[in-house]
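1. mind folding the following:
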Amino acid sequence: MAKEKNKKPEWVPDEHGKEFTSSVMPGINDVVKVSSNIKTARRQLQTSDFVDGVLKSDRSVLARTITLVESNSDIHIQKAQEVLKELLPHTGKSIRIGITGAPGAGKSTFIEALGKYLCDDGHKVAVLAIDPSSTLSRGSILGDKTRMEILSREKNAFIRPSPSGGTLGGVARKTRETALVCEAAGYDIILIETVGVGQSETTVRSMVDMFMLVLLPGGGDELQGIKKGTVELSDTLIVNKADGKNKYYADMTADSYRNALHLLKSYTEGWIPKVQTCSSIEKKGVFEIWETVKEFIAFTKENDIFESRRKQQMLDWVYSMVEESLRNWFYNSDHIKNITPGIEKSVLNGDMTATNAVIELTKILKQ
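-> Residues are numbered from 1 along each chain as shown. Here you go, the predicted model:
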């Protein structure tokens, strides 16, 4: 047996000394023990496996549950709803905060600084970052986990970049359900970062308790650099990057917004939005911002705004899903697919008006 073990391969020279560097190592006969986490990751999970894993805060199962929720497969959607039904009694105990701002405002850096502070303070933080999807490939960068390197290493933090799928309906359903899954897993602070472009701010506003707008220090035209509607949606405005030579401009920008807010109606009745400065890199102002969050949540709960807003958000969610379902049903209808080419040709040839085209296409709804 020993001879067989040390037998030289055919490609080794007949006369070689110990200086010959190539040799064949004996094979490994020991059975490798696979950890329970790896076994869980490889095997097909049942509904009870998803539910138990989420409630135990198993990060691997949590990630797989969110992937299930994000799937557009009919089979996955059905299974995800079964899982969510079991998890629903364990949800609703978190603070949901939406964070938006123009690209380059430092949203990710701010979220990382705030998230790190909250983890150090004993909270469990879930960051749901909505990444814009390409309208051509439906793909997205999903780079927030890369940008939040420090926070991603925190055991009490969970970062999940999710593709928007190119539709606001996709954002509404997937992000809302992902937030519920994270709440069931014990995360008491849910931070939802929007892409900062388009109409996603309004969608995210309809699913959070508090909405933050992150701004850049400006030199005079800062009030024109952000949509008025986004400012009106916000419960607090944060001028980021208030460090070094930018500190002076950050203070000026904050003063400009404080003056402008007097002319706008607050989204939350009775609450006057605050404007604060922050240096995410130097971690300055983060404590004060969190104190504002606590003050706002206490205010909304004392005035019965918190619960009534959440109930309204649930109804909004129902009808947004109805719209999405109707849209999917309409475009996937065989009848619509059959008549669409002819109607499109008539419109392009000038034989039919756009209004009549709509009437023809929607006749199926009246049948």
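2. what sits closest to residue 285 if chain neighbours are left out?
-> residue 278 (3.6 Å; C-beta to C-beta, 6 or more residues apart in numbering). Every C-beta, even on glycine, is put in place using the N, C-alpha and C of the backbone.
3. relative to residue 94, how far out is residue 124?
-> As defined by C-beta to C-beta, to the nearest Å, residue 124 lies at a distance of 9 Å from residue 94.
4. name the residues contacting each of those two.
-> With contacts taken as C-beta atoms under 8 Å, 6 or more residues apart in numbering, residue 124 and residue 94 have 187-189 as neighbours in common.
5. now the strands for this protein?
-> Per DSSP state E, the chain carries strands over the ranges 95-101, 125-131, 157-163, 189-193, 210-215, 236-239, 274-277.
6. where in the chain is pLDDT low?
-> 1-42, 131-146, 163-172, 195-199, 219-228 (pLDDT under 70).
7. which helix in it runs the most residues?
-> The longest helix of the chain (DSSP state H) is helix 305-332.
8. could you say what helices and strands it packs with?
-> helix 168-184, helix 286-302 (3 or more C-beta pairs under 8 Å, 6 or more residues apart in numbering; DSSP states H and E).
9. recalculate using a threshold of 6 Å.
-> helix 168-184 (3 or more C-beta pairs under 6 Å, 6 or more residues apart in numbering; DSSP states H and E).
10. relative to strand 95-101, how tilted is the helix it packs on?
-> Put simply, helix 168-184 runs at 140 degrees to strand 95-101, going by axes from the mean of the first three to the mean of the last three C-alpha atoms, to 10 degrees.
11. oh, and call the first residue 309 from now on, that's how I've got it
-> All right, first residue 309 from here; so that's helix 476-492.
12. contacts for helix 476-492, please.
-> 362, 373-374, 377-378, 395, 398-399, 402, 434, 436, 438, 472, 498, 508, 511, 515, 625, 628-629, 632 (C-beta atoms under 6 Å, 6 or more residues apart in numbering).
13. from those residues, which would you call buried?
-> Those of those that meet the buried threshold are 362, 373-374, 377-378, 395, 398, 402, 434, 436, 438, 472, 498, 508, 511, 515, 625, 628, 632, by 16 or more other C-beta atoms under 10 Å.
14. neighbours around residue 359, how many?
-> 21 (other C-beta atoms under 10 Å).
15. hang on, it packs against residue 394?
-> Yes - in this structure residue 359 lies within contact range of residue 394 using C-beta atoms under 6 Å: 4.5 Å.
16. tell me the contacts of the residue lying closest to residue 558 once chain neighbours are set aside?
-> Nearest residue to residue 558, sequence neighbours excluded (C-beta to C-beta, 6+ apart): residue 550, at 3.5 Å. Applying C-beta under 6 Å, 6+ apart to residue 550 gives the contacts 558, 585-587.
17. send me stretch 394-406 as PDB with only the CA atoms.
-> Extracted in PDB, the C-alpha atoms of stretch 394-406 (Å, rounded to 0.1, in the frame of the first residue of the first chain):
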ATOM      1  CA  GLU A 394     -47.400  33.900   8.600                       C
ATOM      2  CA  LEU A 395     -45.000  36.700   9.200                       C
ATOM      3  CA  LEU A 396     -47.600  39.500   9.300                       C
ATOM      4  CA  PRO A 397     -48.400  39.200  13.100                       C
ATOM      5  CA  HIS A 398     -44.700  39.900  13.800                       C
ATOM      6  CA  THR A 399     -44.500  43.100  11.800                       C
ATOM      7  CA  GLY A 400     -45.300  46.700  12.300                       C
ATOM      8  CA  LYS A 401     -43.000  47.400  15.300                       C
ATOM      9  CA  SER A 402     -40.300  49.400  13.500                       C
ATOM     10  CA  ILE A 403     -39.800  53.000  12.500                       C
ATOM     11  CA  ARG A 404     -39.800  53.400   8.800                       C
ATOM     12  CA  ILE A 405     -37.800  56.300   7.400                       C
ATOM     13  CA  GLY A 406     -37.600  57.300   3.700                       C
END
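18. which residues touch that stretch?
-> 359, 488, 491-492, 496-500, 512, 516-519, 605.
19. pick out the most distant pair among the residues you listed.
-> 359 and 519 (30.9 Å; C-beta to C-beta).
20. quick check: buried residues in stretch 455-462?
-> In stretch 455-462, the ones that count as buried by 16+ other C-beta under 10 Å are 455-456, 459-460, 462.
21. quick one: which of those is nearest residue 645?
-> Taking the buried residues of stretch 455-462 together and measuring to residue 645 by C-beta to C-beta, the closest member is residue 455, at 41.8 Å.
22. the nearest residue to the closest one once chain neighbours are set aside and residue 459, how far apart?
-> Excluding the flanking residues, the one nearest residue 455 by C-beta to C-beta, 6+ apart is residue 416, at 4.4 Å. For residue 416, the distance to residue 459 equals 9 Å [C-beta to C-beta].
23. and what of residue 665?
-> 50 Å.
24. likewise for residue 660?
-> On the measure of C-beta to C-beta, residue 660 and residue 459 end up 55 Å apart.
25. how about residue 381?
-> 31 Å.
26. over to residue 486?
-> Counting by C-beta to C-beta, the gap from residue 486 to residue 459 is 17 Å.
27. circling back: residue 352: which of the buried residues of stretch 455-462 is nearest?
-> residue 460 (27.9 Å).
28. quickly check the buried residues of stretch 455-462 for the two that are furthest apart.
-> Farthest apart among these - using C-beta to C-beta - are 455 and 462, which lie 14.5 Å from each other.
29. check contacts around the residue nearest to residue 593.
-> 546, 548, 550, 593.
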